[in-house]
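Visitor: Got a predicted model here, sequence first, then my questions.
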Amino acid sequence: MTVRIDVNGPVWTVILHRPHARNAVDGPTAAALADAFRAFDADPDARVAVLWGDGGTFCAGADLKALGSDQQNRIDADGDGPMGPSRMQLSKPTIAAIEGHAVAGGLELACWCDLRVVAQSAILGVFCRRWGVPLIDGGTVRLPRIVGEGRALDLILTGRAVASDEALAIGLASRVVPDGSARAEAEALAHRIAAFPWSTVLADLAGGRAALDQPVASALRDEFTRGVGALGSPEVATAVGAFVAGAGRHGRDT
């Protein structure tokens, strides 16, 4: 089994398990990844997903050794992407937990996630530049949105390695953590997010994603509509009541 799922309450950890191939993704693995995230998005009890690579590597990209075989990644303009979930737009947050290398298609999977928790010695990069393989799983779309066009083109055109300190400085890493702790830190972050009043998390997540594709005026209208709808949730009333009663004073979480 090349993809496993660990469920801990509202947090799902989707695990890439091809350590012999540095978690490179072939066709069957891509399909299993897509199915795992479809199941996560459809489960009403699931709130946040973590994507993690077993064996010390996040993902080395597509498995080029599978090309020309019945195990190769699907190359089709419609349906799932070559790496699996890369064309999916989930309604819930996802976090990449990165140890080792997240390169080529692995970087594209990391950029597909909403947040990236990166181990100190991790390396990210468009390494497929070196082998003449283009980005076709959202890399040229998402990377500029995350780090800006100039920085993205530097990484895309050169294929150079990006260490965790630079990744943090340019916004590619959401946070940097000690080696060996990326999964635990990402899961802890996922549980913190999952504990917030959920309707407002989903409304703000959708707004943040959509704003880049809209003029400011229409993005503001959509933000207002989503936010007002979420305010009617009973859990929002409970959270506001807790604040009025004294929770969260002076910047405390609770």
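Guide: On my side now, so go ahead.

Visitor: surely L205 meets D114?
Guide: Yes. Under the criterion of CB atoms under 8 Å, L205 makes contact with D114 at 7.2 Å. (Each C-beta comes from the backbone N, C-alpha and C, glycine too.)

Visitor: which residues do these two both contact?
Guide: Common neighbours of L205 and D114 are listed as P93 (criterion: CB atoms under 8 Å, 6 or more residues apart in numbering).

Visitor: quick one: low-confidence ranges for the chain?
Guide: Applying pLDDT under 70 to the chain flags residues 216, 219-220, 223-224, 226-228, 231, 236-237, 239-254.

Visitor: Please enumerate the strands of the stretch 1-150 of the chain.
Guide: With DSSP state E, counting those that start in this stretch, the ranges of strands along the stretch 1-150 of the chain come out as 3-8, 11-16, 48-53, 94-98, 101-103, 115-119, 123-125.

Visitor: can you tell which of those strands is closest to E185?
Guide: E185 lies closest to strand 115-119 among the strands of the stretch 1-150 of the chain, at 5.2 Å (CB to CB).

Visitor: Specify the angle between that closest one and strand 48-53 in degrees.
Guide: Our comparison of strand 115-119 with strand 48-53, counting by axes from the mean of the first three to the mean of the last three CA atoms, to 10 degrees, yields an angle of 40 degrees.

Visitor: Kindly format the C-alpha coordinates of the host helix or strand of L153 as PDB.
Guide: Secondary structure assignment for L153, by DSSP states H and E: helix 149-158. Output in PDB follows, covering the C-alpha atoms of helix 149-158 (Å, rounded to 0.1, in the frame of the first residue of the first chain):
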ATOM      1  CA  GLU A 149       6.300  36.200  -9.600                       C
ATOM      2  CA  GLY A 150       9.900  37.300  -9.500                       C
ATOM      3  CA  ARG A 151      11.000  34.700  -6.800                       C
ATOM      4  CA  ALA A 152       8.900  32.000  -8.400                       C
ATOM      5  CA  LEU A 153      10.500  32.500 -11.800                       C
ATOM      6  CA  ASP A 154      13.900  32.400 -10.100                       C
ATOM      7  CA  LEU A 155      13.100  28.900  -8.800                       C
ATOM      8  CA  ILE A 156      11.300  27.700 -11.900                       C
ATOM      9  CA  LEU A 157      13.900  28.800 -14.400                       C
ATOM     10  CA  THR A 158      17.000  27.800 -12.400                       C
END
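
Visitor: which strands and helices sit next to the helix or strand that it is followed by?
Guide: Going down the chain from helix 149-158, the next helix or strand is strand 162-163, by DSSP H and E. Where contact means 3 or more CB pairs under 8 Å, 6 or more residues apart in numbering; DSSP states H and E, strand 162-163 is packed against strand 123-125.

Visitor: what's the closest of the strands of the stretch 1-150 of the chain to I136?
Guide: Closest among the strands of the stretch 1-150 of the chain, using CB to CB: strand 101-103, at 15.0 Å.

Visitor: So which residues make contact with the closest one?
Guide: By CB under 8 Å, 6+ apart, strand 101-103 touches 22, 57-61, 96, 109-110, 118, 122-128.

Visitor: Next, the contact list for the residue nearest to P28 when sequence neighbours are not counted, please.
Guide: Leaving aside its chain neighbours, P28 sits nearest to Q71 (6.3 Å; criterion: CB to CB, 6 or more residues apart in numbering). Shown in contact with Q71 (CB under 8 Å, 6+ apart): 26-28, 63.
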